[in-house]
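Colleague: Got a sequence here, can you model it:
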Amino acid sequence: MENKSVKTKIDRIRNAAEFSDECDKIPVGEFFWTGFKNKCIKKWGEDFDPYLFFDLDYIPITPNMDPHIKPFEVIKQDGDDIYIQTGFEATIHRSKDIVMPHYDSFSIKEPQEMAEFTFDDPTDRRRFYEDGDDQINGVGDVLVQNIPAWSKRVDDYYGKLPVFGSVCEGYEYVWRIVGTENSLMWMLAEPDAFGDFMKRVGDFLYKFAEAQIKEGKGKLSGMVIWGDVAYRNGMLFSPDAWRKYFKPITKKLIDLCHANDLIVIYHGCGNATSIYDDMVELGLDFYNPLEAKADLDVVELEKQYGGRLGFCGNIDMRVLESNNLDMIKREVLYKMQAAKNGGWIFQSDHSISNDVEPESYLHALNVVREYGNYPLNLDKIKAEITRLDEELNIK
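Modeller: Alright, predicted model coming up:
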């Protein structure tokens, strides 16, 4: 059952999305790397859970989204080097010493093969109710297998935190099937075949999200849509290509979530500012993560989009990784100015990496909680920024 604390957190995020003056304080969210969590476990004990320990305002939980529901197939293993094939039919290399996995090959190598690729039923209850392997949850900075069922993970947090569901948008999904190079080339060289495939991908993702909401049985408060469509200097492809192939899928997902009273956070790395107006048109609640290293500054973005598009993130990971507490405080206070009228969730500009010390992240949280009650005292915030600038010799 949803308790008062959880309802307060949901209202906090919803009020921030609506730029409402009823927001009590700045919401907080985050994603974490395994190495950071392990350092916290060593410090705070085996029961450490970042979402509960840091009392965050939401947690995303992802069901089995793979096209094919099946265990990982181990192709080859040599010590900590392991090659697996997943339900996306991609062959992936995980090495203990390398944080990110390497995608060695994909099952589709020629454009005509897209028409032959099949999908298991997106509403298959095994996606939600059975333990097992899936690529989105299992292949990241570590390899994890036999993940507990989504329904169990949702139940573990329901009543403690607002639970968000999770779904990929079109590009984030299709590159995992055909590969990055092929997806970029075929949307130009094979527009009919690629377009037909994207319609099938979009249909799968919509039905998967619809089934996820149904099987959530009222326990979901929001949805994270994963969609990396940009890099440091701009879009991976033209905004027109995004509007042709991927915007219709994103629109259907956002409309579906809003029809079910779910808050929507879109996670897209890099500098995708050229489609922010499209996101406004689609009624998106929050854009995440706003990478500072892609020259994004939420304070400046708020001047252009305030009242129309909420933002989630932009706390510079490079500053957090410096583990300099004064620099971290200065970063948090500066970015908080974007939240003067709501519309911002405190979060890093991607996820808390292994190089961040637990004390550094906790310090950032303490700053936003000390200064982040509404109405924000901007004079106090600016005065502290000025003091820190002098102390840190920032011009």
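Colleague: Could you list the buried residues of the longest helix seen in the chain?
Modeller: Longest helix in the chain by number of residues (criterion: DSSP state H): helix 191-216. Of the residues in helix 191-216, 193-194, 197-198, 201-202, 204-206, 208-213, 215-216 count as buried by neighbour count, 16 or more other C-beta atoms under 10 Å. From N, CA and C alone the C-beta is placed, and that goes for glycine too.
Colleague: Distance from the chain centre to it, please.
Modeller: On the basis of C-alpha atoms, centre = their mean, to the nearest Å, helix 191-216 is displaced by 19 Å from the centre of the chain it belongs to.
Colleague: With stretch 270-280 instead?
Modeller: 16 Å.
Colleague: repeat for stretch 278-285
Modeller: 17 Å.
Colleague: likewise stretch 213-232?
Modeller: Worked out by C-alpha atoms, centre = their mean, stretch 213-232 lies 8 Å from the chain centre.
Colleague: go on, stretch 59-79?
Modeller: The answer for stretch 59-79 is 19 Å, by C-alpha atoms, centre = their mean.
Colleague: what's the average pLDDT for that stretch?
Modeller: Mean per-residue pLDDT for stretch 59-79: 96.
Colleague: per-residue pLDDT, the most centrally placed residue in the chain?
Modeller: Of all residues in the chain, the one closest to the mean position by C-alpha atoms, centre = their mean is His267, 4.3 Å from it. Predicted confidence (pLDDT) at His267: the value is 98.
Colleague: for Glu2, same thing?
Modeller: On the pLDDT scale, Glu2 gets 61.
Colleague: Phi, psi for Tyr371 please.
Modeller: Phi and psi for Tyr371, reported as degrees, to the nearest 10, are phi -100, psi 0.
Colleague: List the residues that contact the nearest residue to it once chain neighbours are set aside.
Modeller: Nearest in space to Tyr371, with sequence neighbours left out and distances taken as C-beta to C-beta, 6 or more residues apart in numbering, is Ile381 at 5.7 Å. Neighbour list for Ile381: 333, 336-337, 371 [criterion: C-beta atoms under 8 Å, 6 or more residues apart in numbering].
Colleague: three-state assignment of Ile381?
Modeller: Secondary structure for Ile381, judged by DSSP: H, G, I helix; E, B strand; the rest coil, is helix.
Colleague: In contact with the closest residue to Cys23 other than its chain neighbours, which residues are there?
Modeller: Distances taken as C-beta to C-beta, 6+ apart put Asn15 closest to Cys23, at 3.9 Å, once the chain neighbours are dropped. Residues in contact with Asn15, defined by C-beta under 8 Å, 6+ apart, are 22-24, 342.
Colleague: One more pass at 7 Å, please.
Modeller: Residues near Asn15 by C-beta atoms under 7 Å, 6 or more residues apart in numbering: 22-23, 342.
Colleague: Which of these sits closest to Gly170?
Modeller: Gly342 (29.9 Å; C-beta to C-beta).
Colleague: what comes up buried for stretch 118-128?
Modeller: 119-120, 122, 127-128.
Colleague: Throw those residues into TSV and include pLDDT, secondary structure and distance to Lys303, thanks.
Modeller: What follows is the buried residues of stretch 118-128, written out as TSV (pLDDT from 0 to 100; DSSP: H, G, I helix; E, B strand; the rest coil; distance: C-beta to C-beta, whole Å):
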residue	pLDDT	secondary structure	distance to Lys303
Phe119	98	coil	43
Asp120	98	coil	46
Pro122	98	coil	41
Arg127	98	helix	42
Phe128	98	helix	42
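Colleague: Show me the strands in the stretch 51-200 of the chain, by range?
Modeller: Secondary structure of the stretch 51-200 of the chain (DSSP state E, counting those that start in this stretch): strands at 59-60, 73-78, 81-85, 91-94, 102-105, 163-168.
Colleague: nearest residue to Leu301 other than its sequence neighbours?
Modeller: Closest to Leu301 by C-beta to C-beta, 6+ apart is Phe311, at 6.2 Å.
Colleague: swap in Ala193?
Modeller: Pro111 (4.9 Å).
Colleague: Gly268 versus Ala230, what's the distance?
Modeller: The gap separating Ala230 from Gly268 is 6 Å, by C-beta to C-beta, to the nearest Å.
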